[in-house]
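1. any chance you could fold what I've pasted below:
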Amino acid sequence: MMTLSTSCPLADRMPGALCDDRSVAEAQRFMTLADVAEVLNISSAQTYALVRSGDLAAIKIGGRGQWRVERAQLEDYIARMYKQTADFVTDHPLGRVEEPVTSDDPDTETIDAEGDPETETVGTGRPPVD
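-> The predicted model follows:
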């Protein structure tokens, strides 16, 4: 449940601003691993694994070594994941797997991509997905 408050960290810059929990969190520079997990909709353990593997940049602060992720680092991570996903989709298009044509029929002529007789590749027979 979201709570509204008339006093919030934004009030210094915007007098009389009403803040909900989300506005306060967005105003903070650093996030806990639990906050990051909530944003990414993953578990805290998965978030910790991202940090420990170096995929998500974070800092360890205080005597108890609390992890914090800068909001800008999280946004950079999300942008990288979008790029990686786009590259994967481009490299692995659904329904357009190229397979070499093999034929034991001597009357079948094969052609390469430029139209020259040699080998031919065809799709899976499924309609292309756009």
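
2. could I get the full set of strands for this protein?
-> Assigned by DSSP state E, the strands in the chain fall at 4-5, 19-20, 30-31, 59-61, 66-70, 99-100, 121-122.

3. ok, the fourth one: who's next to it in the sheet?
-> Same thing as strand 59-61. strand 66-70 (antiparallel) (DSSP bridges).

4. which other residues reach the strand it pairs with?
-> If you take CB atoms under 8 Å, 6 or more residues apart in numbering as the criterion, strand 66-70 is touched by 29-33, 35-36, 48, 51, 56-61. The way it works is simple: take the backbone N, C-alpha and C, and place the C-beta from them, glycine included.

5. buried sites along that strand?
-> Neighbour-count burial for strand 66-70 flags 67, 68, 69 (criterion: 16 or more other CB atoms under 10 Å).

6. distance of the first one from residue 88?
-> In other words, residue 67. Distance of residue 67 to residue 88, computed by CB to CB, to the nearest Å: 28 Å.

7. low-confidence ranges in the protein?
-> Residue ranges of the chain with pLDDT under 70: 1-26, 96-130.

8. remind me, longest helix of it?
-> helix 71-91 (DSSP state H).

9. could you tell me the end-to-end distance of stretch 51-59?
-> Terminal residues of stretch 51-59 lie 9 Å apart, using CA to CA, to the nearest Å.

10. please report how far residue 86 lies from residue 29.
-> 29 Å.

11. cool, and residue 90?
-> 35 Å.

12. got it, and residue 82?
-> Residue 82 is 23 Å from residue 29, by CB to CB.

13. may I have the phi/psi pair for residue 54?
-> phi 90, psi 0 (degrees, to the nearest 10).

14. state the number of residues packed around it.
-> Using other CB atoms under 10 Å, residue 54 has 8 other residues around it.

15. show me the contacts for residue 33.
-> Residue 33 neighbours (CB under 8 Å, 6+ apart): 44, 47, 48, 51, 58, 67, 69.

16. can you pick the most crowded of those residues?
-> Counting by other CB under 10 Å, top hit in the contacts of residue 33: residue 47 with 25 neighbours.
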